[in-house]
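> mind looking at a prediction? Sequence and model below.
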Amino acid sequence: MHIKLCSEVASSTSIPPSRSLFSSMADAYSAAMHSISALPLPSKNENLPPISSKIAELNESKAELLSRIQGLKKDLQEWRLKLDTQVSTYREELSGLKKTLNVEVEQLRSEFEELRGSLLQQQEDTKCCLSNLEMRDMPNVENMEKAGN
């Protein structure tokens with residue numbers, strides 16, 4: 001009966017998101033123990049089981065709750081360790097990706113600068129070629145004008 005009552009109290013206790021799991025478990029345990037101590041005592045006329053059996057039952061319930069709390073603590077520590085390991089791994093991966101990306105961006109900048117320089121050189125060469133063609137064609141135009149006169 002006490003185990004059932006403790007589990008009912010523990011399940012009815014809401015765990016606010018801002019509180020830690022340990023303090024929430026401690027609150028549930030305290031609420032369960034408070035509920036047990038608040039139970040009405042039977043009247044003297046009732047057939048009472050020996051107090052030692054009630055104490056043993058309570059101790060058993062307390063031991064069970066403590067065991068569950070220890071198991072939850074262990075699970076939480078393992079979960080935190082696993083999470084810390086994953087976070088560390090992801091940070092290392094992101095750092096590596098960032099370095100690779102920076103190298104590739106620098107490579108692209110360098111290639112674009114080379115391409116820009118090449119295009120400017122081609123533009124300059126084209127201007128020179130056009131200028132040379134105009135110079136060569138000019139005497140022919142003058143000769144054609146003379147011939148036409």
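The structure has been received and is ready for your questions.

> got the buried residues for stretch 111-118?
Buried positions in stretch 111-118, judged by neighbour count with 16 or more other Cβ atoms under 10 Å: none. Where C-beta positions appear, they are placed from N, C-alpha and C, glycine not excepted.

> average pLDDT for the top helix by length along the chain?
Longest helix of the chain, by residue count under DSSP state H: helix 51-148. For helix 51-148, mean pLDDT rounds to 90.

> and that helix, what does it pack onto?
Judged by 3 or more Cβ pairs under 8 Å, 6 or more residues apart in numbering; DSSP states H and E, the packing partners of helix 51-148 are helix 2-12, helix 21-37.

> and residue 56, how many neighbours?
11 (other Cβ atoms under 10 Å).

> show me what contacts it?
With contacts defined as Cβ atoms under 8 Å, 6 or more residues apart in numbering, residue 56 is in contact with no residue.

> over to residue 78?
Neighbouring residues of residue 78 by Cβ under 8 Å, 6+ apart: there are none.

> separation between it and residue 72?
Per Cβ to Cβ, to the nearest Å, residue 78 is found 11 Å from residue 72.

> re earlier: now do the longest helix of the chain against helix 21-37, angle only.
On the basis of axes from the mean of the first three to the mean of the last three Cα atoms, to 10 degrees, helix 51-148 is oriented at 150 degrees to helix 21-37.

> before we move on, the earlier item: lowest average confidence across the helices and strands packed on helix 51-148, which one?
helix 2-12 - the lowest mean pLDDT of the helices and strands packed on helix 51-148, at a mean of 47.

> measure residue 57 to residue 50 for me?
11 Å.

> cool, residue 78 as well?
42 Å.

> again with residue 92
63 Å.

> equivalent analysis for residue 69, please.
Per Cβ to Cβ, residue 69 is found 29 Å from residue 50.
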